[in-house]
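J.: I would like to see how this sequence folds:
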Amino acid sequence: MTAAQSDPSTRRITLAGIGRGGLRIAAVVQRRYAFAGLRVVGMDTDAEALRQSGVPDPLLLGQSYAHGEGCGGDEELAEQALAASTDAMRAVLDASRLVFAVAGLGGGVGNAALRVVSRLARECAVPVVFVVTLPFSFEGVKRVRAAEQALLRLRGETDAVVAIPNSLLFGQLPPDTPSADAFALAGNLLAQAVAGLARICCAEGLLTADLAGVKRMVRRPGSTCALGIGLGEGETACEQAVNAFFASPFVGGAQRLRDVDGALLTVLGGEDLTIRQVQCCLDGLQECFQPSARLLVGAYIDPRMQGRIQVTGLVVREAQREGKAQPDLLSGEPRPGETEGAGTRRPRGAAPPPGLVDELPFPEQQPGVFAGSPHPTFRNGENLDIPTFQRRNARIDPGVERVEGMYVPEGD
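T.: Predicted coordinates for the structure are as follows:
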């Protein structure tokens, strides 16, 4: 057990910028929106990118593999580099109370590192909110598909993932914005939103949320998350900020908040922020949520926000389970209202009728990211990357007859 683990008071909120995309956001947060209690860490295989980012805690990954030159989008090389750096990454997580991991998907390091962070976070019992950007369509089909596949894998391995398409992020800017300014403004907007949300457990706030509540909020398997931000200034700063939050394309409008199951909401203002303004903002936000929604709120002072108010929120929608008929997988009898035939379960042990897929095929699994690392996935001679039913040679009987349009692999 590390010193950070044994003394929770020393653990901080960590913002980890991963890969080039994540480093850009982390650098903006450090320069403009850092606050007491926030640790900003940069992780990359490119030594020069880490140096230029200026993050206070740079972590060079896999130097023996990438030699400090980056991975050039090679996900396989990135996986090897990360496998050699798991101890250093675990140390960062061990020293954290809550982690916000930011990266751009589509490249080698971003795609691979987030899965490693997810795995290590589970081992360290540290809650992580992943904020990822998706590439533009003009960046190429290969990169877009790689990002989509990485996002699907990440959502299957962790709970809280906020995916932001670059097209929506840049859509907030006027179309005639110069390219250099567009990237700077879009990065600033995302950095501002992430930093505002990261304050949720800040001990120095006017209103703060406890860490246990945040953990319950972000650990909802199968849920979808969205990040919103609204800014206002002047006499109507509260109304402006709340309306801008609702208008955020990532939130989807006030009406879409009606089916939200929970949200982390923060209000940030300067030293002139009044309790009436805090109440106005939070009342305006809460009106759009259903009464059963679990809301965690925080309010904070930052002298840099004098005369302005910022509202930030992470909204969570749980996977829809209500109102859907679930198949009766334990009985060989048809459900009420069904007739015996295609698509129904046959009794256990009964011979498959003609046209039935007798056993589902599964490809042979290969060792995963950590093969050959100091922390392989082999335990007691078994490769834990291979599902249990395959290690034990279990047969998977689908128990449904072939129906028109069903794909049945040849050879079964």
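J.: center of the chain, which residue is that?
T.: Val161 (2.1 Å; C-alpha atoms, centre = their mean).
J.: for it, helix, strand, or coil?
T.: Three-state call for Val161 (DSSP: H, G, I helix; E, B strand; the rest coil): strand.
J.: repeat that for Pro249.
T.: Assigned by three-state DSSP, the conformation of Pro249 is coil.
J.: count the neighbours of it for me.
T.: Other residues lying near Pro249 total 15 when counted by other C-beta atoms under 10 Å. C-beta: built from backbone N, CA, C; applies to glycine.
J.: same deal with Glu69?
T.: The tally of other residues near Glu69 (other C-beta under 10 Å) stands at 11.
J.: over to Asp261?
T.: 17.
J.: can you tell me the closest non-neighbouring residue to it?
T.: Glu318 (4.5 Å; C-beta to C-beta, 6 or more residues apart in numbering).
J.: over to Val55?
T.: Ranked by C-beta to C-beta, 6+ apart and with sequence neighbours excluded, the top spatial neighbour of Val55 is Gly42, at 3.7 Å.
J.: do you know how far that neighbour is from Leu120?
T.: 17 Å (C-beta to C-beta, to the nearest Å).
J.: over to Leu134?
T.: 24 Å.
J.: do Glu157 as well
T.: Distance from Glu157 to Leu120, by C-beta to C-beta: 11 Å.
J.: isn't Leu134 right up against Leu105?
T.: Yes - Leu134 lies in contact with Leu105 (C-beta atoms under 8 Å); the separation is 5.8 Å.
J.: which residues do those two both contact?
T.: 147, 151 (C-beta atoms under 8 Å, 6 or more residues apart in numbering).
J.: in the protein, which spans are strands?
T.: Listed in chain order, the strands of the chain (DSSP state E) span residues 12-18, 38-44, 57-60, 96-104, 128-134, 160-165, 224-233, 262-269, 294-301, 308-317, 378-379, 382-383.
J.: which of those strands has the lowest average pLDDT?
T.: Ranked by mean pLDDT, the strands of the chain bottom out at strand 378-379, with a mean of 56.
J.: longest helix in this structure, please.
T.: In the chain, with assignment by DSSP state H, the single longest helix is helix 179-198.
J.: from the chain's centre, how far out does that one sit?
T.: Chain-centre distance of helix 179-198: 17 Å, with C-alpha atoms, centre = their mean, to the nearest Å.
J.: with stretch 110-128 instead?
T.: 10 Å.
J.: that stretch: which residues count as buried?
T.: For stretch 110-128, burial by neighbour count (16 or more other C-beta atoms under 10 Å) applies to 110-121, 124, 126-128.
J.: please consider this matter closed, and thank you.
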